[in-house]
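# give me coordinates for this.
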Amino acid sequence: MANPTTTKPLFTLLLSLLLVSSAFASSDVPFIVAHKKATLSRLKSGAESVSVSIDIYNQGSSTAYDITLADEHWPQDMFDVVSGNTSQSWERLDAGGLLSHSFELEGKVKGLFYGSPAVITFRIPTKAVLQEAYSTPILPLDVLADKPPVQKLEWKLLAKYGSLISVISIVVLFVYLLVTPSKSSAAKGSKKRR
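Now for the predicted structure:
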């Protein structure tokens with residue numbers, strides 16, 4: 001059994017840490033969470049497009065001001081910016097709010113690319129120093145990789161003939177059930193013959 005003289009100070013310490021952490025958690029500041037997502041898509045010309053989207057959430061209890069997003073870690077010798085900008089600024093982000101930014105790149109060089117998180121800077125009215133947050137990193141991108149062609153079910157064919165196939169399969173199943181004698185009726189028929 002634990003010694004009561006050692007458990008009381010330990011319990012008091014844990015209780016005070018809990019109270020202090022809850023005081024910091026409920027303080028009136030913005031809490032920025034950013035999610036970065038990149039998807040590859042092969043173009044008909046043989047080039048590969050990289051679509052990047054970044055969502056910035058304010059999960060805190062106050063407004064963040066002068067938000068700046070910078071995602072400058074796309075080397076110019078590997079990627080060309082096709083549409084949009086890799087940086088963006090906003091005036092404010094209210095508590096519980098969401099800001100979204102997206103841009104599109106075109107891959108020029110074949111190889112594996114490891115992206116860095118985007119950097120978000122913002123200002124809190126109670127502090128003079130700019131605050132910094134980072135987005136989630138992206139998974140490695142295999143740009144212009146030699147991927148074997150994947151046979152996907154053609155959605156156009158499924159949309160065009162899907163209902164016809166399902167009706168025919170139901171009719172065939174119904175006819176099969178009518179034609180096939182059940183085991184219980186076959187057993188009854190053999191008993192009647194005796």
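
# strands of this protein, start to end?
Ranges of strands in the chain, per DSSP state E, are 32-42, 48-58, 64-70, 79-83, 87-93, 98-107, 111-113, 119-123, 131-134, 141-143.

# nearest to Ile165, of those?
strand 32-42 (29.7 Å; Cβ to Cβ). Where you see a C-beta, it was placed from the backbone N, CA and C, and this is true even at glycine.

# re earlier: out of the strands of the chain, flag the one nearest Gly162.
strand 32-42 (25.6 Å).

# buried stuff in stretch 44-56?
Using 16 or more other Cβ atoms under 10 Å as the test for burial, stretch 44-56 gives Glu48, Val50, Ser51, Val52, Ile54, Asp55, Ile56.

# among these, find the lowest-pLDDT one for me.
When the buried residues of stretch 44-56 are sorted by pLDDT, the bottom entry is Glu48 at 87.

# beta partners of that one?
Beta bridges link Glu48 to Arg42, Gly107, judged by DSSP bridges.

# how near is it to Phe79?
10 Å (Cβ to Cβ, to the nearest Å).

# same list, the strands of the chain, but as TSV with distance to Ile165 please.
Shown next, in TSV, are the strands of the chain (distance: least, Cβ to Cβ, whole Å):
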stretch	distance to Ile165
strand 32-42	30
strand 48-58	34
strand 64-70	48
strand 79-83	40
strand 87-93	48
strand 98-107	38
strand 111-113	42
strand 119-123	50
strand 131-134	50
strand 141-143	36
